[in-house]
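Student: Just need the structure, nothing else, for what follows:
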Amino acid sequence: VRTSTSASASARIARRICARSSSFRSRRMAEGRVEHWEEEEEVDTSTSEEEPFDSEEEEEEGEEEEVEDEVDRAIVELVEGEQASDDEEQEDGVDNSRYGMHPHQVDDSDSSEDERPSRNTIGNVPLEWYKDEEHIGYDREGKKIIKSKKKDELAKLLDKVDDKNAWRTVYDEYNDEQVVLTKEEIKMIQRIRTGRYPHAEVNPFDEPFEFEYKDGMHPLSNAPEPKRRFMPSKSEAKQVVKLVRALRRGWLKLDKEEEKPKVYLMWDDDLHTTDKLQNGLAYIPAPKPKLPGHEESYRPPEEYLPSEEERKAYELMDEEERPNYIPRTFDCLRRVPAYADFIRERFERCLDLYLCPRVRKNRLNIDPETLKPKLPSPKDLKPFPSVLSMTYRGHKGRVWSIAVDPQGRYLASGGEDGTLRLWEIYSARLVEMWRLGGPVHSVAWCPDSSKKLLSCSVGKSAMLVWSKLGGKATKNAVEELLKVDQQEEENQQYKWLPLVDVEVGLQVVHRSEVSFITWHHRGDYFATVSPGTGGAAVLIHQLSKKATQSPFKKNKGQVVCVLFHPTRPIFFVATQNHIRVYNLVKQQLIKKLLGGSGALTSMAVHPGGDNLITGSGDRRVSWYDMDLSTKPYKAVRYHDHAVQAVAFHRSYPLFASASDDGSCQVFHGMVYSDLMQNPLIVPVKILRGHQRTGALGVLDCVFHPKQPWIFTAGADADIHLFTNN
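Tutor: Prediction:
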């Protein structure tokens, strides 16, 4: 009520509201309908000026009349809304509150409210979930929307009296705000109440059309069909009874017996492909003879005619190797003689049809795409090395071997120029170089990072060199470790001697040239391979005791390389044809893995120890699952030349192979802890950058211990670093 209204006027208005509402509700329940109020034109209250009243009584009466009109309109709209909602719930017979929906909530609405931006962002969530909360949701900035204070019914009614747009105002419970309906929405609601379409431009009736007969004439009669056409015919019923009686007594037979033909085709095979013989087997037609080609023509092309030398060669052949028919040419068809082998070939054909057994072979129509294994995309298997980032140059000749220190900061390389070089990985700077007086064929770091030891094979010696990394304490510890005492006479064949040209070094002299060197994971034992020694081709050395032992009296085959198991006391010995697995504690053979057709050239053990890969001279890379079989689980041939080196990554599921074709191929090799699931092997990248020199390409490859990087050494005297970005 306006502020100018007195207290007595407020009381009278309240009493009048109650009286009007009760009388109107009773009249509405009696009539069962509500009149449609016409749309009220909006009036700009800001520009209009109220005429002053002559007295206080006239002012109160004018205000009371205005308030009464607004109250009547508000009450009608309130009652109409309640009754309409009650009618809809009674017609539907569905309690929407059970499904967490507001009883007046409409999902699909043509109202322009759907076009207004929603303040609440909780989505299609029942508001009952927020009934015990102080807020009803969250706005677009994530702030809580606090519930507004609820007013009692009398305060709401008085607010509607004050507001001229109250009759067209709707409360949006979802956003907790009052929404004023526009004129278009009011008209749409009025059309829906009267049973019409919401939009006035919709025409529910199709456009009329006239049907034209083709002959241009009207039917004879438009009268409805007579009833006799829908009644069963008595004459047809009598005929049906006669047919049923004839079928029961056998007078009428529906299936006629097929007459067997007196004459049939003897060689008609294609018409009886589905018939069965007396023994129940399916009939198999005879293969058709080969049709004559161009060479059997009476005037074949010149390229089909043999020369005189070829004819004499045909005559000197045996009858079994000689061709069945030698092409000849004639001037015309009259000069073609009778075919001399016609009767013989027909007779052999008859014998084939009568005596030769036949077997039906089912041809399988298989889409080749379905046979391809479904492998993941290489993009999903990153990271892996793919980009050439750095090149280390300095060797003069082939680089036979490379190795990365356990911490991943330095790279050691040995080449044909007789030098052992130490590189800084991140800057490609040459840190140190040792001239050892012969080609360096194998390089390996000691796994114990505190010792900073490098090992390499030069000629008949396995050399241990301090890398000059670390302080004075490290140098003193290495000198004490490499100190050599006087050798006993029984160990004279494997001498432990100090290196003269190196500041801190030691060498173990063998009886033949050393080709490979590897370390145990603890850093105290290392093994060497000298193929020319025979039974003593494999030697195991203990650095702390300066002792050497030969674990095998005799080696079956030429030993290529040896490896220690990453965690267990198991020793792998790879020859050119087999891989033998030994238990060092029990001193017995555990397993013998079979190689392929080519000679093995390299071997690498998975960090888990249950899988290994090998490279061979027949361009094949083989994956062995030792728990599965002694044969390769999977073998791939993606290289064009012999495989020279293979390597596993210490932490990433990656392995690589280097070949003489100048490429290094990187694979994704995932080994699962589930024993029932086979390893996943996917080729992901081919790395190129080396030039082939003297039929040799990439000679060695090794992964970085911590990063998904790979180093490759080639016969072109270069060392490349490939990174993942």
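Student: Distance from the chain centre to stretch 298-316, please.
Tutor: Between the centre of stretch 298-316 and the centre of its chain there are 60 Å (CA atoms, centre = their mean, to the nearest Å).
Student: should've said stretch 636-650
Tutor: In terms of CA atoms, centre = their mean, the gap separating the centre of stretch 636-650 from the centre of its chain is 26 Å.
Student: now stretch 497-516
Tutor: Per CA atoms, centre = their mean, the centroid offset for stretch 497-516 relative to its chain is 52 Å.
Student: ok, now stretch 399-408?
Tutor: Distance, centroid of stretch 399-408 to centroid of chain: 35 Å (CA atoms, centre = their mean).
Student: Give the bridge partners for residue 498, please.
Tutor: Applying DSSP bridges to residue 498 yields these beta-bridge partners: residue 506.
Student: neighbours around it, how many?
Tutor: For residue 498, the tally of surrounding residues (other CB atoms under 10 Å) stands at 12. Where you see a C-beta, it was placed from the backbone N, CA and C, and this is true even at glycine.
Student: any idea how far it lies from residue 455?
Tutor: Here the distance between residue 498 and residue 455 works out to 15 Å (CB to CB, to the nearest Å).
Student: Output the below-cut-off pLDDT ranges for the stretch 101-250 of the chain.
Tutor: Across the stretch 101-250 of the chain, residues meeting the criterion (pLDDT under 70) sit at 101-117, 211-220.
Student: Can you show me the helices along it?
Tutor: With DSSP state H, counting those that start in this stretch applied, the stretch 101-250 of the chain shows helices at 153-162, 183-193, 234-249, listed in chain order.
Student: list the contacts for the residue positioned nearest the centre of the chain?
Tutor: Averaging the C-alpha coordinates of the chain gives a centre point, and the residue nearest to it by CA atoms, centre = their mean is residue 376 (4.4 Å). Going by CB atoms under 8 Å, 6 or more residues apart in numbering, residue 376 touches residue 682.
Student: What helix or strand is it located in?
Tutor: In the assignment (DSSP states H and E), residue 376 maps to no helix and no strand.
Student: Quote the end-to-end distance of stretch 638-656.
Tutor: With CA to CA, to the nearest Å as the measure, the ends of stretch 638-656 fall 12 Å from one another.
Student: typo on my end, it should be stretch 655-675
Tutor: This stretch, stretch 655-675, spans 20 Å end to end (CA to CA).
Student: Can you list the buried residues in it?
Tutor: Of the residues in stretch 655-675, 655-669, 671 count as buried by neighbour count, 16 or more other CB atoms under 10 Å.
Student: farthest-separated two in the residues you listed?
Tutor: 662 and 671 (29.3 Å; CB to CB).
Student: what kind of secondary structure is residue 638 in?
Tutor: The three-state label given to residue 638 by DSSP: H, G, I helix; E, B strand; the rest coil is coil.
Student: Count the neighbours of it for me.
Tutor: Residue 638: 16 surrounding residues under other CB under 10 Å.
Student: what do you get for residue 356?
Tutor: Residue 356 is surrounded by 9 other residues when neighbours are defined as other CB under 10 Å.
Student: Distance to residue 478 for the helices of the stretch 101-250 of the chain - can I get that in JSON lines?
Tutor: Output for the helices of the stretch 101-250 of the chain, formatted as JSON lines (distance: least, CB to CB, whole Å):
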{"stretch": "helix 153-162", "distance to residue 478": "93"}
{"stretch": "helix 183-193", "distance to residue 478": "91"}
{"stretch": "helix 234-249", "distance to residue 478": "113"}
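Student: Report the mean per-residue pLDDT for stretch 418-427.
Tutor: Taken as a whole, stretch 418-427 has a mean pLDDT of 94.
Student: Now find how far off-centre that stretch is within its chain.
Tutor: With CA atoms, centre = their mean as the basis, stretch 418-427 stands 41 Å off its chain's centre.
Student: So which bits of it are buried?
Tutor: For stretch 418-427, the neighbour count (16+ other CB under 10 Å) marks 418-423, 425 as buried.
Student: Please enumerate the strands of the stretch 351-500 of the chain.
Tutor: 387-393, 399-404, 410-415, 419-424, 429-435, 440-445, 453-458, 461-466, 495-498 (DSSP state E, counting those that start in this stretch).
Student: Reformat these as JSON lines; add distance to residue 519.
Tutor: Supplementary listing: the strands of the stretch 351-500 of the chain in JSON lines, determined by distance: least, CB to CB, whole Å:
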{"stretch": "strand 387-393", "distance to residue 519": "23"}
{"stretch": "strand 399-404", "distance to residue 519": "10"}
{"stretch": "strand 410-415", "distance to residue 519": "13"}
{"stretch": "strand 419-424", "distance to residue 519": "16"}
{"stretch": "strand 429-435", "distance to residue 519": "19"}
{"stretch": "strand 440-445", "distance to residue 519": "6"}
{"stretch": "strand 453-458", "distance to residue 519": "7"}
{"stretch": "strand 461-466", "distance to residue 519": "11"}
{"stretch": "strand 495-498", "distance to residue 519": "17"}
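Student: Confidence-wise, which of the ones you listed is weakest overall?
Tutor: Within these, the least confident segment by mean pLDDT turns out to be strand 495-498, at a mean of 87.
Student: Show me what that strand is packed against.
Tutor: strand 505-509 (3 or more CB pairs under 8 Å, 6 or more residues apart in numbering; DSSP states H and E).
Student: quick check, residue 624 in a strand?
Tutor: Yes: Residue 624 forms part of a strand when assessed by three-state DSSP.
Student: give me the number of residues near residue 499?
Tutor: One way to gauge burial is a neighbour count; for residue 499, by other CB under 10 Å, it gives 18.
Student: got the contact list for it?
Tutor: In this structure, residue 499 makes contact with 463, 465, 505-507, judged by CB under 8 Å, 6+ apart.
Student: if we go to 6 Å?
Tutor: Neighbour list for residue 499: 505, 507 [criterion: CB atoms under 6 Å, 6 or more residues apart in numbering].
Student: and it, how far is that from residue 453?
Tutor: Where residue 453 is concerned, residue 499 sits at a distance of 12 Å (CB to CB).
Student: any idea of the pLDDT on the residue nearest to the centre of the chain?
Tutor: At residue 376, the model reports a pLDDT of 86.
Student: ranges for the helices of the stretch 251-400 of the chain?
Tutor: For the stretch 251-400 of the chain, the helices identified by DSSP H, counting those that start in this stretch occupy 308-316, 342-355, 368-371, in order along the chain.
Student: Extract the C-alpha set from the second one and format it as PDB.
Tutor: I take that to be helix 342-355. Extracted as PDB, the C-alpha positions of helix 342-355 are listed here (Å, rounded to 0.1, in the frame of the first residue of the first chain):
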ATOM      1  CA  PHE A 342      43.800 -85.300 -79.800                       C
ATOM      2  CA  ILE A 343      42.800 -88.900 -79.000                       C
ATOM      3  CA  ARG A 344      45.500 -89.300 -76.300                       C
ATOM      4  CA  GLU A 345      44.500 -86.100 -74.500                       C
ATOM      5  CA  ARG A 346      40.800 -87.000 -74.600                       C
ATOM      6  CA  PHE A 347      41.600 -90.400 -73.300                       C
ATOM      7  CA  GLU A 348      43.700 -89.000 -70.400                       C
ATOM      8  CA  ARG A 349      40.900 -86.500 -69.700                       C
ATOM      9  CA  CYS A 350      38.400 -89.400 -69.300                       C
ATOM     10  CA  LEU A 351      40.800 -91.300 -67.000                       C
ATOM     11  CA  ASP A 352      41.200 -88.200 -64.900                       C
ATOM     12  CA  LEU A 353      37.500 -87.800 -64.500                       C
ATOM     13  CA  TYR A 354      37.000 -91.400 -63.700                       C
ATOM     14  CA  LEU A 355      40.000 -92.200 -61.500                       C
END
